[in-house]
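Novice: sharing a model that was predicted from the sequence below.
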Amino acid sequence: MDIVNNIVTVLLTSTIVSAAVSFVLKTWFEARLKHHFELELEKLRHSYEVELERLKTQLAIMVETTHELTERRLATYPQIVELVYRVRNIAREIVAPTETSPILIDEFAARTGELENNLYVCRMDLERDEAFLPIHTFKNTAKTFNRLLEDRDHYQSHGEEDEASRISTELRGLYAEIEKQHRPIIESLSGIIPREKEGYQDVQAT
């Protein structure tokens, strides 16, 4: 009977020890896993906060940049639209079958020069909006038109009517180019600036 009791005692003791060891090991592993996951979670939380701050900063910069770009557009694009209209309208009057006023010729030269200045001041923004090249081409056509006006004035002042007449024919051809080139510019810039800010509305009928 003692032997049986000893065996039962040993078995019970082994079972209790095994259970205790299993419980301790289980608790230790759970604690280790919990600690590991807490560390990983903290790393992820920190990474998320860093990324969130980066995105907030990036968004703030984008908003500020967009605001500055919009302000520059509103300050200059309507002026360019108006100048394009005025250059085209003055050129139309110059090629009309009536005597051209010297004041009108001076006005054309002044507006062409003003357009050129605005073009290069706004070049970066216009390039970004893919609007620079058409205005640059229009400006060059207007400058050629202005140079021909000077040539015609020279021939007229020296009584060379044949040459003056030839220049007048060239001017009419250039005006046709100005007429063709100005509309896409207006449509392009009008798609960028708000309608209420378009500076050409008061000159369309002139």
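Specialist: Good, I have the coordinates.
Novice: next, the buried residues of stretch 181-195.
Specialist: For stretch 181-195, the neighbour count (16 or more other C-beta atoms under 10 Å) marks 181-182, 185-186, 188-190, 193 as buried. Every residue, glycine included, has its C-beta placed from N, CA and C.
Novice: how about stretch 154-173?
Specialist: 155-156, 164, 167-168, 171.
Novice: hmm, who's touching the helix or strand hosting Leu119?
Specialist: Assigned by DSSP states H and E, Leu119 belongs to helix 102-121. Outside helix 102-121, the residues within contact range by C-beta atoms under 8 Å, 6 or more residues apart in numbering are 76, 79-80, 83-84, 86-87, 90-91, 93-94, 126, 132, 135-136, 138-139, 142-143, 145-146, 149, 153.
Novice: nearest to Phe37 among the buried residues of stretch 181-195?
Specialist: Ile193 (55.2 Å; C-beta to C-beta).
Novice: which ones among the buried residues of stretch 181-195 map onto helices?
Specialist: If you go by DSSP state H, the buried residues of stretch 181-195 have 181-182, 185-186, 188-190 in helices.
Novice: pick out the lowest-pLDDT one from the residues you listed.
Specialist: In terms of pLDDT, Ser190 ranks lowest among these, with 82.
Novice: I'd like the distance between that one and Pro78.
Specialist: Note on Ser190: its distance to Pro78, by C-beta to C-beta, to the nearest Å, is 10 Å.
Novice: swap in Ser157?
Specialist: As judged by C-beta to C-beta, Ser157 and Pro78 stand 38 Å apart.
Novice: for His154, same thing?
Specialist: Computed as C-beta to C-beta, the His154 to Pro78 distance reads 36 Å.
Novice: so where is the chain shaky, pLDDT-wise?
Specialist: Regions of the chain meeting the criterion pLDDT under 70 cover residues 1-25, 52-70, 193-206.
Novice: helices of that one, start to end?
Specialist: Assigned by DSSP H, the chain shows helices spanning 2-94, 102-121, 123-128, 132-157, 161-190.
Novice: just the buried residues of the fourth one, please?
Specialist: Residues of helix 132-157 classed as buried by neighbour count (16+ other C-beta under 10 Å): 132, 134-135, 138-139, 141-142, 144-146, 148-149, 151-152, 155-156.
Novice: tell me the contacts of Phe132?
Specialist: Contacts for Phe132 (C-beta under 8 Å, 6+ apart) come out as 119, 123, 126.
Novice: one more time with 6 Å
Specialist: Shown in contact with Phe132 (C-beta atoms under 6 Å, 6 or more residues apart in numbering): Leu126.
Novice: please apply the same query to Ala131.
Specialist: Neighbours of Ala131 in contact, by C-beta under 6 Å, 6+ apart: Ser188.
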